[in-house]
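Colleague: Compute the structure for the input listed below.
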Amino acid sequence: MNTSSSFDLLVRAGRVVCPQTGRDAPGSVGISNGLISAVDPPPESTAEQTLDFPDAVLLPGLVDLHAHPACSGSKYGVDPDREFLPRGVTTVLSQGDAGADNWAHYRAETIEGSRTRVRMAISISRHGESTDRPCLDDLDWLDVDACVQAISDGGPLIWGIAVNCSRASAGAGDPRMALDLALEAARSTDRPLLFGLREDEDWAFAEQLELLRPGDVVTYTFRREPHGIVAGGRVRPEVKAAREKGVLFDVGHGMTSWTSASWKRHSPRASLPTRSPPTSTNATSTAHRNTICLGRCPSCWPPA
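Modeller: As a prediction, this is how the structure comes out:
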């Protein structure tokens with residue numbers, strides 16, 4: 001930390017929040033050479049530029065756990081520097097935009113070519129989201145060995161394995177087989193899953209959640225009833241049981257994957273926290289942007 005009292009930029013705000021330390025109070029942040037160098041420097045500190053936001057909240061860069069950052073090659077992809085940084089998201093995690101076959105291109109163009117820090121939950125499908133068909137539509141696309149090799153190549157750039165077993169992503173494929181193969185790859189690489197539930201009437205939520213392990217992440221959590229974690233106005237008991245064994249639950253992004261009604265029914269119970277510090281999830285791709293920007297800018301949060 002910079003112990004001097006002169007900075008390139010000094011930002012003062014009515015609330016300076018740090019989830020890691022629990023800080024939430026008025027204050028200021030000093031920035032030097034592009035890095036935060038002091039929190040609450042002495043009042044007499046000077047700076048080349050000072051910004052005052054007495055009615056605003058100053059936050060660390062947000063981490064978006066489920067989005068679709070991709071400069072090309074994904075039917076859902078958007079430019080991370082254009083769509084995330086302006087919303088305060090400095091780290092964004094891709095939900096399966098690439099698979100083993102197009103991982104190298106994704107790494108070179110999107111991860112290495114972006115100012116935003118991009119990390120990936122790689123798709124168990126070799127093609128990721130690069131085709132117009134559902135990504136799990138053909139079981140021949142689901143290749144454990146290729147997925148494991150891509151993760152070996154990517155190292156920490158690939159944090160998990162994406163498998164969305166919903167009808168929209170599974171298509172004609174068998175969701176049970178897709179989850180089995182994704183779990184096999186996850187066990188081989190010590191990676192968590194980023195998992196989209198199959199609709200309950202096709203495959204009981206309880207059976208799906210029983211297969212997940214501590215640290216696996218369920219996304220699209222707040223879908224409309226009866227396809228989400230809420231049934232009859234209450235959080236499903238099998239969801240609570242999964243949370244108690246260590247399964248994590250992410251918001252999922254906008255459009256039909258999230259409803260304020262499900263959020264409101266869940267939130268007073270406070271039984272399903274996401275990762276700590278809390279993650280955000282952007283509404284990305286053209287379709288998602290045209291529906292809900294899920295709380296990533298002050299004008300959109302809290303939901304109505």
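Colleague: ok, and the closest non-adjacent residue to residue 97?
Modeller: Distances taken as C-beta to C-beta, 6 or more residues apart in numbering place residue 74 nearest to residue 97, at 3.9 Å, with adjacent residues excluded. Every C-beta, even on glycine, is put in place using the N, C-alpha and C of the backbone.
Colleague: check contacts around the closest residue to residue 181 other than its chain neighbours.
Modeller: Nearest residue to residue 181, sequence neighbours excluded (C-beta to C-beta, 6+ apart): residue 142, at 4.9 Å. Residues near residue 142 by C-beta atoms under 8 Å, 6 or more residues apart in numbering: 124-126, 136, 173, 177-178, 181-182.
Colleague: And the longest helix along the chain, what does it pack against?
Modeller: Selection of the longest helix in the chain by residue count, based on DSSP state H, yields helix 175-189. With contacts defined as 3 or more C-beta pairs under 8 Å, 6 or more residues apart in numbering; DSSP states H and E, the packing partners of helix 175-189 are helix 144-154, strand 158-164, strand 193-196, helix 205-211.
Colleague: closest one to residue 58 among the ones you listed?
Modeller: Relative to residue 58, the nearest member of the helices and strands packed on helix 175-189 by C-beta to C-beta is strand 158-164, separated by 27.0 Å.
Colleague: Now do the closest one against helix 144-154, angle only.
Modeller: If you take axes from the mean of the first three to the mean of the last three C-alpha atoms, to 10 degrees, strand 158-164 sits at 150 degrees to helix 144-154.
Colleague: Pull the residues that contact the helix or strand that strand 158-164 is followed by.
Modeller: Counting by DSSP states H and E, the next helix or strand C-terminal to strand 158-164 is helix 167-170. Helix 167-170 is contacted by residues 134-137, 164, 178, 196, 198-199, 202 when judged by C-beta under 8 Å, 6+ apart.
Colleague: what about burial for those residues, which qualify?
Modeller: Neighbour counting by 16 or more other C-beta atoms under 10 Å classes 134-137, 164, 178, 196, 198-199 among those as buried.
Colleague: And those, which is the shakiest by pLDDT?
Modeller: Among the buried ones among the contacts of helix 167-170, residue 199 carries the lowest pLDDT, at 91.
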